[in-house]
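*Asks:* 3D model of this:
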Amino acid sequence: MARQHEVSISVGGKKIGGWTEYAIESNMLAPADGFSLARPVNRDAWDLCALDSAVTVLIDGTPVMTGLIDSRQASASAGTMTIAGRDKAGRLVQESAPGIDYSGLKLRELVKRLASPWFTTVTLSDARNRTIRRGRGYKAPSPTEPLVLDAVSGGRVEPGQMRWSVIEDLVTQAGYLAWSSSDGKELVIGPPNYRQEIQWHFVHALDQQGTVLDMVVDQTIADCYSRIIVVGSGRGTDADYGTGPANRVGEVLDANGADGIGGDFQRPKRLVLAQDSLRSADAAQRIARRDANRRNQGRRKITIEANGHGQIARGSSMTIFAPNTIARCVYDSIGLDAAYLVTSCKFIGKRTDERTTLELVPRGTEMTL
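*Replies:* You can find the predicted model right below:
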């Protein structure tokens, strides 16, 4: 089968095509996206793809990732060259954070300082990135972006902390995610946009006339709990001594029944977490909610394997698959027909075969990093 998509890179102001094999993964729940591409070895291409070069990976001219080349390899026997790297957030994962006393700073300004110089813009909206990321094809509209409260409590970044770990802790405390734009110009802070209209249609039908190669529905409560309790064990102060610390308790119930039963849980499953130096019951509640969210992200998940790297919704232009978009998923055999959020897209190409593996969670899923 002939290839339908053109995969190329832009590096040093030059475009390089001819990539015969590739794996490009964009995941809004991972700290850094990654890529690996291979093509016949060529001296000009080899020289342009020097280590640590800035590179934009494109599918049909649409930027899906912008980052840096971490490694390259040339094989004489195979006659191929391979490059691999991560998006710009990869540097945030591995670099030490500067010492910052962030008392009085807003969340966006603090994250901007932590992300500089790799990102000079921090935005609270994914609208621009999502438009760019889907290419020239039809874009399902989104009436509004979710509201993000630009606030953060005081504190200090200590020496030895990594940039991303601090960013992750800050945005998670606020109940948000962080991810980089596909063109590398922005670091986005916010929750998923569940208000947008459906962009994709994935069907696994009994008549085998579906739109996907495979659809795997995973449901598990193995790492989840019907009731999560966080108890503060910090010492009291002269203003809060005695019974105060014992009142620093947060609780999340999975459903409305006793001990949170009544939904997926038919019998109680409890978890108690002790936390040092909690300042308030609100802080305990945030930690309990964050822990529940992290566990619940994998509770209901769909993995889809689709031909190609996008769909044609209207007209003749292909819209490239992208995270933070909404899909209608239909699986006739189990009676599933619901809206899901795309969290990850992995584009895979091998000479004449092009596929995308997508991961999705139900619309409305509460998520943190």
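*Asks:* and W46, its phi and psi?
*Replies:* The phi and psi values for W46, taken as degrees, to the nearest 10, are phi -60, psi -40.
*Asks:* which residue packs closest to it, ignoring adjacent ones?
*Replies:* M81 (5.7 Å; C-beta to C-beta, 6 or more residues apart in numbering). All C-beta spots, glycine's among them, are computed from the backbone N, C-alpha and C.
*Asks:* same check, this time on S142
*Replies:* Nearest to S142 is Q196, by C-beta to C-beta, 6+ apart, at 3.5 Å.
*Asks:* do you know how far that neighbour is from T357?
*Replies:* Distance, Q196 to T357, using C-beta to C-beta, to the nearest Å: 22 Å.
*Asks:* with R267 instead?
*Replies:* Using C-beta to C-beta, R267 is found at 35 Å from T357.
*Asks:* more crowded one of these two?
*Replies:* Applying other C-beta atoms under 10 Å to R267 and T357 shows that T357 carries more neighbours, namely 18 against 7.
*Asks:* look at S280 and report its pLDDT.
*Replies:* Looking at S280, its pLDDT is 82.
*Asks:* hmm, back to that, phi, psi for the residue nearest to S142 please.
*Replies:* phi -70, psi 160.
*Asks:* cool, and A30?
*Replies:* Torsion angles, degrees, to the nearest 10, at A30: phi -110, psi 150.
*Asks:* just give me the neighbour total for it.
*Replies:* There are 17 residues near A30, going by other C-beta under 10 Å.
*Asks:* do E145 as well
*Replies:* Residues near E145, counting by other C-beta under 10 Å: 18.
*Asks:* pLDDT weak spots in this structure?
*Replies:* For the chain, the stretches flagged by pLDDT under 70 are 1-2, 153-154, 207-210, 233-246, 369.
*Asks:* sorry, back to before: show me what the residue nearest to W46 is bridged to.
*Replies:* With DSSP bridges as the criterion, M81 is bridged to R39, A74.
*Asks:* what sits against it?
*Replies:* Listed by C-beta atoms under 8 Å, 6 or more residues apart in numbering, the contact set of M81 reads A38, R39, P40, V41, N42, A45, W46, C49, R72, Q73, A74, S75.
*Asks:* just checking, the second one touches T20?
*Replies:* Yes - using C-beta atoms under 8 Å, R39 and T20 qualify as a contacting pair, with a distance of 5.6 Å.
*Asks:* higher neighbour count, the two?
*Replies:* Shown here are R39 and T20; by other C-beta under 10 Å, R39 has more neighbours (21 against 15).
*Asks:* list the contacts of that one.
*Replies:* Under the criterion of C-beta under 8 Å, 6+ apart, the neighbours of R39 are I16, G18, W19, T20, A45, T80, M81.
*Asks:* and with 10 Å instead?
*Replies:* R39 makes contact with 7, 9, 16-22, 45, 49, 79-83, according to C-beta atoms under 10 Å, 6 or more residues apart in numbering.
*Asks:* out of the residues you listed, which is nearest to I348?
*Replies:* I348 has its nearest neighbour among those in Y22, at 7.2 Å by C-beta to C-beta.
*Asks:* regarding the closest one, what is its secondary structure?
*Replies:* Of the three states, Y22 takes strand according to DSSP: H, G, I helix; E, B strand; the rest coil.
*Asks:* noted, bye for now.
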